[in-house]
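# quick one: sequence plus predicted model below, questions after.
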Amino acid sequence: MSQIKTFFLFFFLLLPTFVFAQQDLKASYNYGKSVAVFGGSVSVIPPSDIAKNMWKERLGMTITTYGVGGAGFSSLQGKSLQQQVDEAGVFDIYILWASTNDYTNKREVGSYTDFTEFDGYDSSKLITQAGGINYCIKKIYAINPNAQIYFFTSSKAFNDRGAYDPLAADGMAAYVAMQKQICELHGIPYLDQFTLGGYNMYNKHLYYVDPIHMNSEGYRQLGELQVAFLAFPD
């Protein structure tokens, strides 16, 4: 059989699988929804568009990014996600994409009760990561009571041991654990990018352009996870 015939046979064998996959994603509750993204540089640097374009192409989403380099959830950390959410309008979906900045700049992790009904919405707690997350969630529901909120946890970084070792004392894993606790408090689905991203000391040279930021291949791999999560988060 000629190479051309072999190619076309292979293509047509795969075509039903491809069509089925596309139709399957169109069955997603989130297909065609409008999305707002908040975060630090990992949510907004040019290679991040590779992941977000995958959401557009496979899930038909329209995406508006509010992320700003250097931002964290703490009110002390750059143009914080609190400020970003304050500027947002009405969308179907709001994604809180956690950066590494609160950890890197040693902002307080805080308690899952910071800036909640449990402490009377104590505004002094907005300096903690936890208080900032709770503020964002509360404010989003004030903007759109029907909002669907999703959370992407911080991914691993390699600027120090605590940024990637889940057992390191006072490492980023503590920040990620708090992110997940708050999501569980409010019933918000989350994607654990720290655990599931698949990045480590042996392959980081393939996926990272520097100790914190991923390259195109890193975002392509992350995008696959994000599409699967956004398509069927339950």
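Cool, got the structure. Numbers count the residues shown, from 1 in each chain.

# low-scoring stretches of this protein, by residue?
Applying pLDDT under 70 to the chain flags residues 1-23.

# mind listing the strands for it?
Remark: strands assigned in the chain by DSSP state E are 34-39, 62-65, 93-97, 148-152, 190-191.

# most tightly packed of the ones you listed?
Comparing the strands of the chain by mean neighbour count (mean count of other CB atoms under 10 Å), strand 93-97 comes out on top with a mean of 25. (Each C-beta comes from the backbone N, C-alpha and C, glycine too.)

# quick check: angle from it to strand 148-152?
Interaxial angle of strand 93-97 relative to strand 148-152 (axes from the mean of the first three to the mean of the last three CA atoms, to 10 degrees): 20 degrees.

# which stretches in this structure count as helices?
3-26, 48-59, 81-86, 101-104, 129-143, 172-186, 193-196, 204-207, 216-231 (DSSP state H).

# need these in TSV with mean neighbour count and distance to Gly110, can you?
Converted to TSV, these look like this (neighbours: other CB atoms under 10 Å; distance: least, CB to CB, whole Å):
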stretch	mean neighbour count	distance to Gly110
helix 3-26	10	37
helix 48-59	19	27
helix 81-86	22	13
helix 101-104	26	10
helix 129-143	22	3
helix 172-186	20	7
helix 193-196	19	18
helix 204-207	14	29
helix 216-231	19	25
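
# can you say which of the ones you listed is nearest to Tyr150?
In terms of CB to CB, the element of the helices of the chain nearest to Tyr150 is helix 216-231, at 6.9 Å.

# re earlier: right, and the helices of the chain - which one's nearest Val68?
helix 81-86 (6.7 Å).

# contact partners of the closest one?
Residues outside helix 81-86 that contact it (CB atoms under 8 Å, 6 or more residues apart in numbering): 38-39, 66-68, 71-73, 75, 94, 96, 126, 132-133, 135-136, 139-140, 143.

# if we use 7 Å, what do you get?
Applying CB atoms under 7 Å, 6 or more residues apart in numbering, the external contacts of helix 81-86 come out as 38-39, 66-68, 71, 73, 75, 96, 126, 132, 135-136, 139-140.

# one more: stretch 160-179?
98, 100, 102-103, 109-110, 112, 129-130, 133, 151, 153-154, 156-158, 190, 194.

# the same query, at a cut-off of 8 Å, please.
The contact list for stretch 160-179 (CB under 8 Å, 6+ apart) reads 98, 100, 102-104, 109-110, 112, 129-130, 133, 151, 153-154, 156-158, 190, 192, 194-195, 199-201, 211-212.

# likewise for stretch 40-58?
Outside stretch 40-58, the residues that reach it (CB under 8 Å, 6+ apart) are 22, 25, 35, 37, 61-63, 65, 67-72, 78, 97, 99-101, 155, 209, 212-216, 218-220, 222-224, 226-227, 230-231.

# contacts only, for Ser74.
Ser74 neighbours (CB under 8 Å, 6+ apart): 80, 102, 107-108, 126-129, 131-132.

# rewinding a little: possible to save the helices of the chain as CSV with distance to Tyr121?
Shown next, in CSV, are the helices of the chain (distance: least, CB to CB, whole Å):
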stretch, distance to Tyr121
helix 3-26, 39
helix 48-59, 32
helix 81-86, 13
helix 101-104, 20
helix 129-143, 8
helix 172-186, 14
helix 193-196, 28
helix 204-207, 40
helix 216-231, 30
